[in-house]
Every structure is written in structure tokens, then in C-alpha cells.
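Visitor: Fold the following and give me the result.
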Amino acid sequence: MTPLFRRVFTAGLLLAVFVPAVLWAPAWLWAILMAGVVGMAAYEWARLSHFPPLSARAYAVLLALCALALPYGLGAGWPTFQLGLMLLAAVFWLLVAPLWLLGRWHAPQPFVRAAVGVVLLVPTWAALLYLHARGPGVLLGVMAIVWIADTAAYFSGRHFGRHKLAPAISPGKTWEGVAGAFAALALYAGALSLLAGMPLLSLFVMVSGLLYLSVLGDLFESWIKRVSGMKDSGDVLPGHGGVLDRIDALTSTLPIATGMLMWLERSV
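Guide: This is a model prediction of the structure:
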């Protein structure tokens, strides 16, 4: 089985499970499923941070359980807290993460790594809940931005890649891959504009911003793996590495896309 076939086959299996869950899972089941994803990603993050095995498992379980408990524990205060999580993610991805990469920070301290894991994963989980509540089309439409960008970047970089994007962080990523992702998302924005009657310019600006965040999330995890001396965050997904490898770009895009949607809903 070639690496490309493994990658496509695994992606197909993931979609076969994920899409029915998006379409038909009730809110409580969706929350549990996504908390499971957060728990697996948290375990991989803890291993990247070189937590001892027992501590890594405890961190993963605690993060998943805390995420599940938040909406019920906060009750009527959950929507406000959810908005706060989106703002926290925006500060991290628009300010802290770029400085982290520019400064090539290692930040090996367990407390810092544990806190960053919370900032990466809990807002992503909250965003998945919020978008799912708005309907399958909204959730899939936003996530498709990352999927299209990732797929187009992979194939355009594989066939045309010559100029490295950030060789000290992720040698495999190229400017040609980013250009391919940009072109694919421009077509996606055009299709959305025609099908949904949304303003093309606004869609184009939105997908361009989310492409930047997608690349940033990918580079951030690549840097953490490089610092940790690990090629993949895990091996649970053949052809893709670990769960965190699969959702790295979603951690940077979903919370901010959700924050934008929250702002639009409140401004109407």
C-alpha cells in the first residue's frame, strides 16, 4: 500500500464516520464524540510535551471530562464563556503563535505546555459544538475550507513545490502548496457565492484569512514536533499520523471562524 493510498483510504474512512455523525448525531452524542477526539489529541499533545505516560493519560482524561462538564456546569453562562474561549483562541493564534514561531520558542515547562494544550483544544471543542448547533451545512462548510486547503496544498506542493515556505520549521511545506490552496479556496468561495447568494468579496476575504490561520496552525504543530524530536504526533491514523496531525489546522481556524459567526449573528 503506497503512502498516498494509505492517506486517501484513511481520509475516506474518517469521512464515512464523521459525516453521518455531523448529519444525524444528537447534540449530546456529538459532544461526547468530540470530547473523545479532544482527549486523544490532548494525549498526543502531552506526549509531544514529554509528559510521563501516566501524566499524559491523566491530562487527556481530565481535559475531555472538563470540556464535557463545562456546558452543564455553567448553565446559562455557557454562551458567554463560549465566546470568551473564541476570544482566547483569537489572541493566541493572532498574536502568541506568530511570535512563538518567529522567536523559535521551545517553552518546555510542563505548566506552559499544559496551558497551551487547553488553549488549543478546548476552544476547538466549543467551536465544534457551536457550529454543529447551527446545522450540518454550516459546520461542514467551515471545515471544508481546511480540508480543501490541505488537499490542494498537498497535491500542488507534491507536484510543483520548489520554494520552501518555512524550512527551519517544516521542510516539506512550499509556497507552491500555499498557492494551490489559495487557488482552490478562491474557487470554493466562488461556488459558495453562487449557491448561497453570499457576497463574493466577503467570502474571498474570509477564506483568505482562514487559509492563513490554517497554515499557521499546521506550522505551529510542526514546530512543536520538531522541538520534541518526533515526526508525527501519533500513529493512530495511517498516512496521517496522529489525531493532532489531522486537526492541527482546525485548532487555529474553527474557533476564529466561530467567533466571526458569533459576531455576525449579534450584529444582525
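Visitor: Point out where the stretch 1-150 of the chain drops to low pLDDT.
Guide: Counting by pLDDT under 70, the ranges of the stretch 1-150 of the chain that qualify are 1-11.
Visitor: so where do the helices sit in it?
Guide: Ranges of helices within the stretch 1-150 of the chain are 3-24, 27-48, 53-74, 78-91, 97-103, 110-133, 136-160, based on DSSP state H, counting those that start in this stretch.
Visitor: roughly how far out does the last one sit from the chain middle?
Guide: What it means is helix 136-160. How far helix 136-160 lies from its chain's middle: 12 Å, per C-alpha atoms, centre = their mean, to the nearest Å.
Visitor: Would you mind saying which of the helices of the stretch 1-150 of the chain lies nearest Ala249?
Guide: helix 136-160 (4.8 Å; C-beta to C-beta). Bear in mind the C-beta positions are built from the backbone N, C-alpha and C, glycine included.
Visitor: Distance from the helix or strand following the closest one to the middle of the chain?
Guide: Going down the chain from helix 136-160, the next helix or strand is strand 164-166, by DSSP states H and E. Distance of strand 164-166 from the chain centroid (C-alpha atoms, centre = their mean) equals 20 Å.
Visitor: same question, stretch 103-123
Guide: 15 Å.
Visitor: buried set for it?
Guide: Arg113, Ala114, Val116, Gly117, Val118, Val119, Leu120, Leu121, Val122, Pro123 (16 or more other C-beta atoms under 10 Å).
Visitor: what comes into contact with stretch 78-93?
Guide: 70-71, 74, 116, 119-120, 122-124, 126-127, 129-130, 213, 216-217, 252, 255-256, 258-259, 262 (C-beta atoms under 8 Å, 6 or more residues apart in numbering).
Visitor: So for that stretch, what gets flagged as buried?
Guide: Here stretch 78-93 shows Gln82, Leu83, Leu85, Met86, Leu88, Ala89, Ala90, Phe92, Trp93 as buried, counting by 16+ other C-beta under 10 Å.
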